[in-house]
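Provided below are the primary sequence and the corresponding predicted coordinates.
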Amino acid sequence: MSDPVIHRVGIGTDLHRLAPGGPLTLGGLKLPIDQHLVGHSDADLVLHAITDAILGAAGLPDIGEHFPDTDPTNAAADSTRFLAHALTAAAAKGFAPVNVDVVLHAERPRLSPHKAVLRANVAALLGIPEERVAIKAKTNEGLDAIGRGDAMGCICVVGMTRRAGA
């Protein structure tokens, strides 16, 4: 008899201030947009949210414990390193991603034209088919820092599986 599959869900969020001058780093890509996100690392809020969701689903500490902003080695770090670390740590516990659903919140820049390339790159980074990745872009209807165009936010959910006994 085979081991039953265990399903887990992780949620990740991130928020960063926008500043003039590009490129905009999202989903492991440098998009040709004349704004960038401000943060200790490359401020890739898509990968930060996905990383946190993976860590959470695997029952591991959050991204801030793995990569504190007080550690100078994380300054301007490429967030694909954070994601790779989370995937490796989750795999060590027998977990693998099944799907990811990402919701980006930004009044501007408009992200709809970039959703397909973001989807393809996130799928490649996670090692899952594109049809298991959803990228959505929403506005905040002029409300709060996001709605004023001062910030961008991201919420994501990641589904993970693990075979019992793994």
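Right, received. Where do you want to start? Quick caveat, the model's predicted, so the values are computed rather than measured.

gap between residue 61 and residue 139?
Using C-beta to C-beta, to the nearest Å, residue 61 is found at 33 Å from residue 139. In this view, the C-beta of every residue, glycine as well, is placed from N, C-alpha and C.

those two: which is more packed in?
Just comparing residue 61 and residue 139: by other C-beta atoms under 10 Å the higher neighbour count belongs to residue 139, 16 against 11.

which ones are touching the residue lying closest to that one once chain neighbours are set aside?
Of all residues not flanking residue 139 in the chain, residue 107 sits nearest, at 5.1 Å (C-beta to C-beta, 6 or more residues apart in numbering). Residue 107 makes contacts with 139-140, 142, 146-149, as judged by C-beta atoms under 8 Å, 6 or more residues apart in numbering.

top of these by number of neighbours, please.
Highest neighbour count within those, by other C-beta under 10 Å: residue 146, with 22 neighbours.

that one is in contact with residue 140, isn't it?
Yes - here residue 146 lies in contact with residue 140, judged by C-beta atoms under 8 Å, at a distance of 4.3 Å.

so what sits against both of these two?
105, 107.

okay, strands next: where are they in this protein?
5-20, 24-26, 29-31, 35-38, 95-105, 133-138, 151-163 (DSSP state E).

for those, which one ends up most surrounded?
strand 24-26 (a mean of 25; mean count of other C-beta atoms under 10 Å).
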